[in-house]
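[1] Build the 3D model from these lines:
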Amino acid sequence: QVQLVESGGGLVQPGGSLRLSCSASGFTLGYDAIAWFRQAPGKEREGVSCITTNDGATEYADSVKGRFTISRDNAKNTVYLQMNSLIPEDTAVYYCAANFFRLCVLRDDQVFDYWGQGTQVTVSS
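    A predicted model of the protein is given here:
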């Protein structure tokens, strides 16, 4: 059974950092794409970043380029999202998602078949 579990969210001041983790079970990283999406209250879910776990190719939304870094540790079956220089607009529930087609399409969440439960990130002073 495929499962994705996010962790690492919390409350942080503007300018601070957080690292989110997405632990995968039921499959082995290396043959898939893992993405981070987020959804703020009253807003649509948006793609933040994605990585194809076989070659490490990455994509980022313009709003997070230069501040967020996605990475994977295939040995630990885990994908990370390092978030630096956080701003209040980054406040949202962050979800990781997976597909087995190695497709990183941040504008279309329908490409992703498996989703975690989400972790809350709040950026506030």
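
[2] Could you work out the end-to-end span of stretch 111-124 for me?
    32 Å (CA to CA, to the nearest Å).

[3] mind checking how far it is from the chain centre?
    7 Å (CA atoms, centre = their mean, to the nearest Å).

[4] name the helices or strands packed onto the strand or helix carrying residue 121?
    For residue 121, the element it lies in under DSSP states H and E is strand 119-123. Helices and strands touching strand 119-123, as assessed by 3 or more CB pairs under 8 Å, 6 or more residues apart in numbering; DSSP states H and E, comprise strand 10-12, strand 18-25, strand 92-99. Placement of C-beta: from N, CA and C, glycine included.

[5] Can you classify the spatially most central residue of the chain by secondary structure?
    Residue closest to the average C-alpha location in the chain (CA atoms, centre = their mean): residue 36, at 2.2 Å. Judged by DSSP: H, G, I helix; E, B strand; the rest coil, the three-state class of residue 36 is strand.

[6] Look up the closest residue to it, ignoring the ones flanking it.
    Spatially, and ignoring its direct neighbours in sequence, residue 36 is nearest to residue 48 (4.4 Å; CB to CB, 6 or more residues apart in numbering).

[7] One more: residue 78?
    residue 23 (5.1 Å).

[8] and the one you found, how many neighbours?
    For residue 23, the count of nearby residues is 15 (other CB atoms under 10 Å).

[9] How about residue 13?
    10.

[10] What does the pLDDT read for the closest residue to it other than its chain neighbours?
    Nearest non-adjacent residue to residue 13, counting by CB to CB, 6+ apart: residue 125, 5.4 Å away. On pLDDT, residue 125 comes in at 95.
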